[in-house]
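1. Fold the stuff below for me.
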Amino acid sequence: MAGAVRAVALAIVLVSATAAADRGAAERYFRAGERAYHAQDFESAAQEFELAYQQLDLPEIAFSAAQAYRRQFRVDPQPRYVQRAIALYQVYLKHVKTGGRVADAADGLGEMEREADKLGLAGRLAGEEGAQTSIGVSVLFADALDASRIGAIRDVDEAAHAAPAVTVTATIDGQPWPVDKLEATDAGEHLVRAEAPGYQPQETAVKVVAGLPDLVELTLQPLPAHLVVNTEAGARISIDGRAAGIAPLAAIGVASGRHLVVVTARGRVAAGDEIELERAQTAQLAMPLEPTRRRRAVPWVAGSAIVLGAASIAATVGALYWNHEARDLWDAIGNGNATLGQLRTYDDDRDHRDFTRDAALATGGLALGVGLAAAWLYYFDAPSGEGVHVRPVAGPGGAGALISGRF
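-> Okay, here's the model as predicted:
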C-alpha cells in the first residue's frame, strides 16, 4: 500500500515538473514570437507562436498565431497562411465565447474565410507544418525584463515599427544569426552567443536534436557605469543614500540610470547633485564644497581669542611691573626712611598692580572661553547629508534644480 502511495506521489511530481517545463518553454517561445510580431516579422512570429502552442495549448496562443499568419498573408499571399489562420481562429472561438479578443478573432476569421473562397480553399484546412531541425536565438535584458505572461498578442500599427533602442548581435558557432527567428541548422552541439552595446556578452552550448526546433534564450546583464566625483580630499561620498567612500576615490561602479550623489565634509555645507548615467559610461562630476557659517565664523572667533589672550598677557606683564615697583617702595618704607610722597606712590603702584592683575584674569578667562568656542565651532561642525534631494524648478526665466534637505 505504501509503495502504491509513493508511486502515485512520484507520478504527480513528474507530471507537475513536466507541466512547469512545458509552460516555461511556451513562455520562452511566446516572448520571442511577440518580439518578432512587433518587429513585423510575422512569419517568424507565427513559427514561434506555433511552438508555444505545441507546449501549451492555450486559446490565447492560438489567437496570437492566427494573427501572425493573417498579417503574413498580406505580405506573402500563400494559401497555407490562410488555411492555418482559419484553423487557429476557430480554436480560439471554440474556447472563448465572450470577452477577450472574440470580436477581433471573428473579424479575422471572416477576412481569412473570404480569402479562402477567392483561392478556392473552402472546406480545406492545413495542418501544422512538419518539425524541422532548427535553432533560434532570443535575447532578454536583465534591466528590462518583461513580466507579462502569455496572452493574446497586441496588434501593431501598419507603419514601420520603431527600431529597438539596443542593437543585439547573435552568433551560432561564430556565424551571424538572426534574433527571434528560427533557422535550419545541423543536429549536434552548437555554441550560441549574444551581445549588445552596454551589456555583458553571454554564450552557452546547446545540443540540437534532429527533427526538433529549439529556441535559446539568453539574458544579458547590463555593464555598470563608472562615476568619478571630484571634490575636496577627506569628503564623504554617498550615492543614493549608500556610503561610497572618502575622497579622493577612483571611479565608482554604479548601475545605469539616475542617481543622487551627496558629498559631506566637516565644516562644509552638504552638496547634492543628480546625474543620469548610461550603461558602461564613465562620467565625472565636479562637486565643490562651500564653508558653513560656523566655519566662516571660526577665524573671527579665534582671532578674538588671540586678541584677548594678548591683552591678558600685557595686563599680566603690567601687574608684575607694578608689583615690583610696589615691593621696592615697601622695602624703603620698612627701613623707616620713606617720605610722604613715596607712601603715596606705593599706594598708587598697588592700585595699578591690582587693576592690571584683575584685567589679566578677566581677559585671560575670556580668551579661554572664546578659544573653546572657536574649537567647538571647528571640531563639531559636521553637517549631515541626510534628506538631501534635488527638486527640479522652473520659472519664467528658465529652469534648474534645487538642492534641499537637512544639513
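
2. Quick one: the helices in the stretch 151-300 of the chain, in order.
-> 293-334 (DSSP state H, counting those that start in this stretch).

3. where does it have low pLDDT?
-> Within the stretch 151-300 of the chain, the ranges that satisfy pLDDT under 70 run 151-165.

4. do that again at 50, thanks
-> Within the stretch 151-300 of the chain, the segments meeting pLDDT under 50 span 158-164.

5. State the next helix or strand along the chain beyond the helix or strand where A36 lies.
-> If you go by DSSP states H and E, A36 is part of helix 2-38. Next helix or strand after helix 2-38 toward the C-terminus (DSSP H and E): helix 42-55.

6. quick one: average pLDDT of that next one?
-> Per-residue pLDDT over helix 42-55 has a mean of 90.

7. Next: stretch 109-124.
-> For stretch 109-124, the per-residue pLDDT averages 81.

8. any idea how far it is from the chain center?
-> Centre-to-centre, stretch 109-124 and its host chain are 53 Å apart (C-alpha atoms, centre = their mean, to the nearest Å).

9. how about the strands in the stretch 201-350 of the chain?
-> 202-208, 213-222, 225-230, 236-239, 242-246, 252-254, 257-264, 271-277, 282-286 (DSSP state E, counting those that start in this stretch).

10. could you redo those as TSV and give each row distance to E189 and mean neighbour count?
-> C-beta: built from backbone N, CA, C; applies to glycine. Converted to TSV, those look like this (distance: least, C-beta to C-beta, whole Å; neighbours: other C-beta atoms under 10 Å):
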stretch	distance to E189	mean neighbour count
strand 202-208	5	14
strand 213-222	12	19
strand 225-230	36	19
strand 236-239	44	20
strand 242-246	44	12
strand 252-254	35	16
strand 257-264	38	20
strand 271-277	39	18
strand 282-286	38	13
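
11. Quick one, which of these gets closest to G318.
-> strand 257-264 (47.7 Å; C-beta to C-beta).

12. count of neighbours near A326?
-> 20 (other C-beta atoms under 10 Å).

13. Which residue, neighbours along the chain excluded, lies closest to it?
-> D349 (3.9 Å; C-beta to C-beta, 6 or more residues apart in numbering).

14. Does that neighbour touch W330 like I think?
-> No: using C-beta atoms under 8 Å, D349 is not in contact with W330, being 9.2 Å away.

15. And those two? Which one has more around it.
-> Ranked by neighbour count (other C-beta under 10 Å), D349 and W330 place D349 first, with 20 against 15.

16. Next, the contact list for the more buried one, please.
-> W322, N323, E325, A326, L329 (C-beta atoms under 8 Å, 6 or more residues apart in numbering).

17. And for the last one, the neighbour number?
-> When you say that, I think you mean L329. 19.

18. Relative to A360, how far out is it?
-> Distance from L329 to A360, counting by C-beta to C-beta, to the nearest Å: 22 Å.

19. cool, and the first one?
-> In this structure, W322 and A360 are 11 Å apart, going by C-beta to C-beta.

20. Flag every buried residue along whichever strand or helix holds Y81.
-> Element membership for Y81 (DSSP H and E) is helix 79-95. Within helix 79-95, the residues that qualify as buried are 81-93, counting by 16 or more other C-beta atoms under 10 Å.

21. Turn those into a markdown table, including pLDDT.
-> As requested, the buried residues of helix 79-95 are exported to a markdown table (pLDDT from 0 to 100):
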| residue | pLDDT |
| --- | --- |
| Y81 | 90 |
| V82 | 89 |
| Q83 | 88 |
| R84 | 90 |
| A85 | 91 |
| I86 | 90 |
| A87 | 90 |
| L88 | 91 |
| Y89 | 92 |
| Q90 | 90 |
| V91 | 90 |
| Y92 | 92 |
| L93 | 91 |
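
22. Now distance to E195 too, for these, in a markdown table please.
-> Formatted as a markdown table, the buried residues of helix 79-95 follow (distance: C-beta to C-beta, whole Å):
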| residue | distance to E195 |
| --- | --- |
| Y81 | 34 |
| V82 | 39 |
| Q83 | 39 |
| R84 | 35 |
| A85 | 36 |
| I86 | 41 |
| A87 | 39 |
| L88 | 35 |
| Y89 | 39 |
| Q90 | 42 |
| V91 | 39 |
| Y92 | 38 |
| L93 | 43 |
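
23. my read: E290 touches R268, true?
-> Yes: assessed by C-beta under 8 Å, E290 is found in contact with R268 at 6.5 Å.

24. tally of neighbours for G174?
-> There are 8 residues near G174, going by other C-beta under 10 Å.

25. need the contact list for it.
-> L191.

26. ok, L93 - contacts?
-> Contacts of L93 by C-beta under 8 Å, 6+ apart are V102, A105, A106, L109.

27. got the angle between the helix or strand encompassing the third one and helix 79-95?
-> Translated: A106. Element membership of A106 [criterion: DSSP H and E] is helix 102-119. Put simply, helix 102-119 runs at 150 degrees to helix 79-95, going by axes from the mean of the first three to the mean of the last three C-alpha atoms, to 10 degrees.

28. Name the residues of helix 102-119 that come out as buried.
-> D104, A105, G108, L109, E111, M112, E113, E115, A116.

29. The host helix or strand of W376: which residues count as buried?
-> Secondary structure assignment for W376, by DSSP H and E: helix 340-379. Of the residues in helix 340-379, 345-346, 349-350, 352-353, 356-357, 359-360, 363-364, 366-367, 370-371, 373-374, 377-378 count as buried by neighbour count, 16+ other C-beta under 10 Å.

30. now it: how far from the chain's centre is it?
-> So, by C-alpha atoms, centre = their mean, the centroid of helix 340-379 is 64 Å from its chain's centroid.

31. now stretch 289-298
-> With C-alpha atoms, centre = their mean, you get 34 Å for stretch 289-298.

32. related to what we said a few turns ago, give me the contacts around the helix holding A106.
-> 63, 66-67, 70, 73, 77, 79, 82-83, 85-86, 89-90, 92-93, 96, 122, 124, 152, 155.

33. ok, now stretch 236-249?
-> Contacts for stretch 236-249 (C-beta under 8 Å, 6+ apart): 227-229, 231-235, 252, 254, 259-265, 385.
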